[in-house]
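[1] Mind folding the following:
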Amino acid sequence: MKLIDIAIAGGGPGGLATAAAVIAAFDGNVKVKVFESLQDYKMQGSGVLFNPNGQKALEAIDADLLERFRSHSVQPNSYAVYDRKGNEITRSTFLGQGELHKQYGYGPFILGWHEIRQLIFDNLPPGTVEFNTQVASYDEDADGVTIHFDDGQPSVRAKLLIGADGYFSRIRKQCLDDGPPKFAGLVMWRARIPWQEGMPNNSVSYRDGLVPTRGNNAIYAMLFPLGTLEATSDTTWSWTLCAHVDKVKEAGVEFDAEARTLTSVQGIASSGSALQNVCKVFADFPRAIMDVVEGTDPTTVTQHGLYVRALDDTTPEQGWGRGRVSLLGDAAHATIPNGQGLCLAIEDAVVLGWHLRQHGCTTQALRSYEYEQVPRAKDVIAHGHDNASKEEKETFLYKPSFKPLWKTEDTAAVNGSDSSMKGPPRRQQCITMSLSLQTVGGRARASCMPARKLMSPSHAKGTALHKARLCSKISVHSNSCMRRQLMRSRGNVGMTGKC
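    Numbering: from 1, shown residues only. Coordinates of the predicted model:
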């Protein structure tokens, strides 16, 4: 039986970035395999908005790779919003983030999803990805994980298993058994197209008002340029149309939200029915957008529902893994496709890589990664969306940074040891932190927490706030007994320490 250190189920951008992060964390001295169900990587997906938090995370994995992303990307100069009659509502710099770009040196850009996956894949050592290999299940014991595949392929033995297998993750189903993600009530169509005469020169959106309509009346259309591997000019564009399922049914189009065959949020085009459906649903939209949609090659149009996983009830102690298994990307925290799904997957990868570097291939590394990323994912999903305020975007997308995995420092052995786990981790990969001096019983008590906590009015009440960079230098004491018990029950069998 083949023996490896880390097995990754799913060869999308998140799984590939995880492989890159693991290799960087151990300076190549690690056996890692990505198991991908596709036979190879063909053109798939639309464009992705790559925000500064994802860029910083990728830079911490491989700075040269980020530069390759940038060299193939497109950064729109302006963004126009029209109503459904074609009247212009507003026009501004892209997402209103020009000042933040100048201040921090990072700005959103658009790159094709296929290009993102291909660039990361090309950066990995040959043989890292095994195609046509679908993970079916696994068996876990005290020493590792035995991974089984469809079609009777030989099983593989690994120290750790990472589920990066998307919306309807098989790994999550076996590991957590908490049901499928929730249908968000929205259906999305997407396609790539070449720029043609009469199309706009910058990104445009068609919707009912300045702020997108939500609920049962949600419906909008977008047209934007995207970066490709072939050229850096704005020659390839993408359109995205989205409507609430009630609007879809009103147009006489059937959609089965329970057909859980989607393996990627980008979808896979297979027939011309998707184009017929979207033209029916958006029949009353301006010709400026519908002429473009109707002229699209039907075999390139994808249609799929949007699914989400609420993290409201997930605590850092609970995490999204158990024992020698953990999750990342859509398998862990599926959200609407506004670019943060990809950015968070890259964040997951660099944070996981950093904790593996600290603790080796151990359950301690997985629990430490989850403890840090659960609240971070909550914050980014809540405050990093397109309609977030400038202050929210600055706090959660621009200010946080990540410790580079390519910098030389002491590294744990691949085997590591679980014996040193004594409660929640006190060192984090994301290094934007704050120090809060709280008055408790007439005495000041120092505690270290991510800057996200400062956004809570209830927490900020009665506190004096001082900036700090690293929480590792600050002593923290809060419910440590309960946290140790919770983390012990999740697979940290070698944990020591008394309450």
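
[2] Report the secondary structure state of Arg84.
    coil (DSSP: H, G, I helix; E, B strand; the rest coil).

[3] burial count for it?
    The number of residues packed near Arg84 is 17, by other CB atoms under 10 Å. The way it works is simple: take the backbone N, C-alpha and C, and place the C-beta from them, glycine included.

[4] Just confirm it contacts Arg207, I think it does.
    Yes: contact status for Arg84 versus Arg207: in contact at 7.1 Å, counting by CB atoms under 8 Å.

[5] and Lys159, how far is that from Glu372?
    As judged by CB to CB, to the nearest Å, Lys159 and Glu372 stand 21 Å apart.

[6] Give me the more crowded residue out of those two.
    The neighbour comparison of Lys159 against Glu372 (other CB under 10 Å) goes to Glu372, with 25 against 22.

[7] can you map out the helices along the stretch 101-250 of the chain?
    Taking DSSP state H, counting those that start in this stretch, the helices of the stretch 101-250 of the chain run over residues 113-123, 170-175, 245-250.

[8] name the helices or strands packed onto the longest one?
    With contacts defined as 3 or more CB pairs under 8 Å, 6 or more residues apart in numbering; DSSP states H and E, helix 113-123 has these neighbours: helix 13-25, strand 47-50, helix 63-72.

[9] hey, least reliable of the ones you listed by pLDDT?
    Among the helices and strands packed on helix 113-123, strand 47-50 has the lowest mean pLDDT, at a mean of 92.

[10] can you list the residues that contact it?
    By CB atoms under 8 Å, 6 or more residues apart in numbering, the list of residues contacting strand 47-50 from outside reads 69, 73, 108-113, 116, 192, 224-227, 238, 338-339, 342-343.

[11] Among those residues, which ones are in strands?
    Phe109, Ile110, Leu111, Gly112, Arg192, Phe224, Pro225, Ser238 (DSSP state E).

[12] Now list the buried members of these.
    Neighbour-count burial (16 or more other CB atoms under 10 Å) applied to those gives Phe109, Ile110, Leu111, Gly112, Arg192, Phe224, Pro225, Ser238.

[13] Of the residues you listed, which pair is most distant in space?
    Maximum pairwise distance among these (CB to CB): 16.9 Å, between Phe109 and Arg192.

[14] Of all the helices and strands packed on helix 113-123, which one is nearest Ser155?
    Each of the helices and strands packed on helix 113-123 has some distance to Ser155 by CB to CB; the shortest is helix 13-25, at 19.2 Å.

[15] The closest residue to Asn123 other than its chain neighbours and Pro404: what is the separation?
    Leaving aside its sequence neighbours, Asn123 sits nearest to Leu65 (CB to CB, 6 or more residues apart in numbering; 5.3 Å). Applying CB to CB, the value for Leu65 to Pro404 is 12 Å.

[16] what does Val204 give?
    The value you get for Val204 to Pro404, if CB to CB is used, is 38 Å.

[17] Looking at the two, which one has more neighbours?
    Neighbour count, other CB under 10 Å: between Val204 and Pro404, Val204 has more, with 23 against 17.

[18] Ala25 is in contact with Leu356, correct?
    Yes: with contact defined as CB under 8 Å, Leu356 counts as touching Ala25 (5.2 Å).

[19] Which residue of those two possesses the greater neighbour count?
    Leu356 (30 against 26).

[20] Against Tyr79, how distant is Leu49?
    Relative to Tyr79, Leu49 is positioned 11 Å away (CB to CB).

[21] neighbour count winner among those two?
    Using other CB under 10 Å as the criterion, Leu49 and Tyr79 rank with Leu49 on top: 21 against 18.

[22] so what's the closest residue to the more buried one other than its chain neighbours up against?
    With CB to CB, 6+ apart as the criterion, Leu49 has its nearest non-adjacent residue at 3.3 Å, and that residue is Gly339. Residues near Gly339 by CB under 8 Å, 6+ apart: Val48, Leu49, Phe50, Asn51, Gly54, Pro108.

[23] Can you add distance to Leu311 and give the residues you listed back as a markdown table?
    Below are the contacts of Gly339 laid out as a markdown table (distance: CB to CB, whole Å):
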| residue | distance to Leu311 |
| --- | --- |
| Val48 | 21 |
| Leu49 | 21 |
| Phe50 | 22 |
| Asn51 | 19 |
| Gly54 | 18 |
| Pro108 | 23 |
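
[24] ok, and the most crowded of those?
    Tallying neighbours with other CB under 10 Å puts Gly54 at the head of those, with 31 neighbours.

[25] That one is in contact with Leu342, isn't it?
    Yes: if you go by CB under 8 Å, Gly54 and Leu342 touch, sitting 6.2 Å apart.

[26] Asn387: which of the ones in strands among the contacts of strand 47-50 is nearest?
    Phe224 (16.7 Å).

[27] For burial, what's the neighbour tally of Met43?
    What Met43 shows, counting by other CB under 10 Å, is a neighbour count of 13.

[28] So it, which state does it fall into?
    Applying three-state DSSP: Met43 is coil.

[29] what's the closest residue in space to it that isn't next to it in sequence in contact with, if anything?
    Sequence neighbours aside, His114 is the residue nearest to Met43 in space, at 5.4 Å (criterion: CB to CB, 6+ apart). For His114, the contacting residues are Tyr41, Met43, Gln44, Gly45, by CB under 8 Å, 6+ apart.

[30] Buried by neighbour count, from those: which ones?
    Tyr41, Gln44, Gly45.

[31] Which residue comes closest to Ile116 once chain neighbours are left out?
    Spatial nearest neighbour of Ile116, excluding adjacent residues (CB to CB, 6+ apart): Pro13 at 5.1 Å.

[32] Revised request: answer the last question for Thr236.
    The nearest residue in space to Thr236 (CB to CB, 6+ apart) is Thr228, at 4.9 Å.

[33] Which pLDDT value belongs to that neighbour?
    The model's pLDDT for Thr228 equals 90.

[34] That one: neighbour count?
    Thr228: 20 surrounding residues under other CB under 10 Å.

[35] Asp330 now?
    Neighbour number of Asp330 under other CB under 10 Å is 31.

[36] contacting residues around it?
    The contact partners of Asp330, by CB under 8 Å, 6+ apart, come to Gly14, Gly166, Tyr167, Ser169, Val265, Gly341, Ala345.

[37] Tell me how far it lies from Ala345.
    Asp330 is 7 Å from Ala345, by CB to CB.

[38] quick one: common contacting residues for the two?
    With contacts taken as CB under 8 Å, 6+ apart, Asp330 and Ala345 have Gly14 as neighbours in common.

[39] Give the other helices and strands that whichever strand or helix holds Tyr369 contacts.
    In this structure, Tyr369 is located in helix 363-383 according to DSSP states H and E. Under the contact definition 3+ CB pairs under 8 Å, 6+ apart, helix 363-383 sits against strand 325-327, helix 330-333, helix 340-359, strand 443-450.

[40] Kindly export whatever helix or strand comes next after that helix (C-alpha atoms) in PDB.
    The helix or strand immediately downstream of helix 363-383 is helix 390-393, counting by DSSP H and E. C-alpha atoms of helix 390-393 as PDB (Å, rounded to 0.1, in the frame of the first residue of the first chain):
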ATOM      1  CA  LYS A 390     -15.000  50.700   2.900                       C
ATOM      2  CA  GLU A 391     -14.100  50.300   6.600                       C
ATOM      3  CA  GLU A 392     -15.200  46.600   6.600                       C
ATOM      4  CA  LYS A 393     -13.200  45.900   3.500                       C
END
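
[41] re the thing from before, please tabulate the buried ones among the ones in strands among the contacts of strand 47-50 in JSON lines, including the columns distance to Phe35 and pLDDT.
    Compiled in JSON lines, these are given as follows (distance: CB to CB, whole Å; pLDDT from 0 to 100):
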{"residue": "Phe109", "distance to Phe35": "30", "pLDDT": "90"}
{"residue": "Ile110", "distance to Phe35": "29", "pLDDT": "91"}
{"residue": "Leu111", "distance to Phe35": "25", "pLDDT": "93"}
{"residue": "Gly112", "distance to Phe35": "24", "pLDDT": "93"}
{"residue": "Arg192", "distance to Phe35": "27", "pLDDT": "94"}
{"residue": "Phe224", "distance to Phe35": "33", "pLDDT": "92"}
{"residue": "Pro225", "distance to Phe35": "34", "pLDDT": "90"}
{"residue": "Ser238", "distance to Phe35": "29", "pLDDT": "94"}
